Structure formats: C-alpha cells, structure tokens
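Student: Below is the sequence, then the predicted model.
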Amino acid sequence: MNFPTGLYGDKDLKPEKISTVDLGISYQGEQMQFGGNFFYSKQTDIIQPVFLPMSFERRYTNLSKVTFIGGEFEGKYYLNNNVFIQASSLYQTNEEDKTKEKNVTPISELSAKAGISYMSDNGITVGLFNIYQGDLDDRYMTDKRNPDQGAYNYLHLHTNFNLNKLFSLTYKLDYSLFLNIDNLLDQRHYGYSFQGNDGIPVNPGRAIYAGLKVDL
C-alpha cells in the first residue's frame, strides 16, 4: 500500500509475530480476592516506516525483535458491608534484541490503579478512583513547547445521594442527587509525538457533572 505523502509499502514484508508466556495465580475468599501473573513476550519482525537513503520518503520495513518482561498484581477487599477497596499495578520493561536498548516504547515501567468506595445504609455512595502512570524514559522527554510529562495521577470522584432513603421519603419514583468530578487534580497528560512535533493533551481537564436522577 502506497500513500501520496511519500510512505510506501513493501511486497516482501513479513507479518509481525508475538509469542507470549503468561503464568498466574489467584485467590478468592469471602472478603478478598487477589491475583498476580508474570509475562514474557517476544515480538518479531516488527513493522515500522523508515526513511529511504538520501530521501524524505519512507517505506514500511521489518525491524528486529523486542522482548517484554513484567508482572501484574490486582486485589479487591471488602472491609465490611459498606467499604470496598480495590487496587492493581503493572511493571514492565522491554529491550530491543539487536541494540540492547531498553524502554523502546513510550510506556512507563510502572503504573497503578486504586480505588475506595463507601455505601451507607441510608443511601449515600462516595467513591474515589485514581490512575497513576510513572515517568517515561528520558528519550521521550522533549525540548518542545509542551512540558515534560513526568509521572501523573488521574483522580476521579463519584458521589450519589438517594433522597428517598436519606430522608425516608415514600415516593414511588426513586430520586437521587449526584456529583461526579473527573480528573479532580486537573492534570494534563500530553501524548508523545513520534513526529517530533508538539503533542496535544490526550485527556480532558477537570470535568464536573451534577444533577438529579430519577429511577422509574
């Protein structure tokens, strides 16, 4: 496949191949559930566009192998009938087989998610959930106008107040007030640009939603 922008295909391209070994263990009890797994993955004949010699044109080419090694952990726990906690984490590292370069993808080595929710007997529900992404490798830090990404948190708050239960109302319809805030810390995450240009935020800023909900 050829594109008018100077990007050309190659009839001799080989398909990309991925071989993965994944080992996991899990446990589930009355109040808790957790699990972990280890993975080893090798990607071969990776297809990427490269510049042709003495030219601004590019052609899709099979490059070398990349090996990914890492592990995941996740857990859920009910403190009681009203409080629920969950968390997960991922660690991965990768290496290009030919050059032995590490972290050849713009993905942080460490990421994690955690949340806690509370639901009272009288109709109040409050939940906090956070997504954490660690630092990228130095090669993905730019001197462009965008700030370096660095590690960041993406925190969400969700609340719901059931008015019927809260005030012992006897309406046939169920009325609730809700307040949700996405990206509570108003952090901006700029995607890495492989073209060397400035990226744009890939997530919106702080967003607040509030209203009245009626359940039939």
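Tutor: The structure has been received and is ready for your questions.

Student: Show me the shaky parts of the chain.
Tutor: For the chain, the stretches flagged by pLDDT under 70 are 1-6, 141-149, 191-201.

Student: Centre of it to the edge, which residue is at the far end?
Tutor: Note on the chain: the largest C-alpha distance from the chain mean falls to Thr170, namely 42.9 Å (Cα atoms, centre = their mean).

Student: What residue, apart from its backbone neighbours, is nearest it spatially?
Tutor: Distances taken as Cβ to Cβ, 6 or more residues apart in numbering put Asn164 closest to Thr170, at 7.7 Å, once the chain neighbours are dropped. Where you see a C-beta, it was placed from the backbone N, CA and C, and this is true even at glycine.

Student: Wasn't the one you found part of a helix?
Tutor: Yes. Assessed with DSSP: H, G, I helix; E, B strand; the rest coil, Asn164 lies in a helix.

Student: dump the residue contacts of the residue nearest to Thr99 when sequence neighbours are not counted.
Tutor: Sequence neighbours aside, Ser64 is the residue nearest to Thr99 in space, at 7.8 Å (criterion: Cβ to Cβ, 6+ apart). Ser64 is in contact with 44, 46, 96-99, counting by Cβ atoms under 8 Å, 6 or more residues apart in numbering.

Student: Just the buried subset of those, please.
Tutor: 44, 46, 96 (16 or more other Cβ atoms under 10 Å).

Student: okay, those in CSV with distance to Ala207 next?
Tutor: Output for the buried ones among the contacts of Ser64, formatted as CSV (distance: Cβ to Cβ, whole Å):
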residue, distance to Ala207
Thr44, 42
Ile46, 37
Glu96, 39
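
Student: what's the closest of those residues to Gln28?
Tutor: Thr44 (36.7 Å; Cβ to Cβ).

Student: Between the buried ones among the contacts of Ser64, which sits nearest Phe73?
Tutor: Glu96 (26.6 Å).

Student: tell me which residues form a beta bridge with that closest one?
Tutor: On the basis of DSSP bridges, Glu96 is bridged to Val66.

Student: quick one: the strands in the protein?
Tutor: 7-8, 17-28, 32-44, 47-51, 58-62, 66-78, 83-96, 110-119, 124-133, 152-162, 174-182, 207-215 (DSSP state E).
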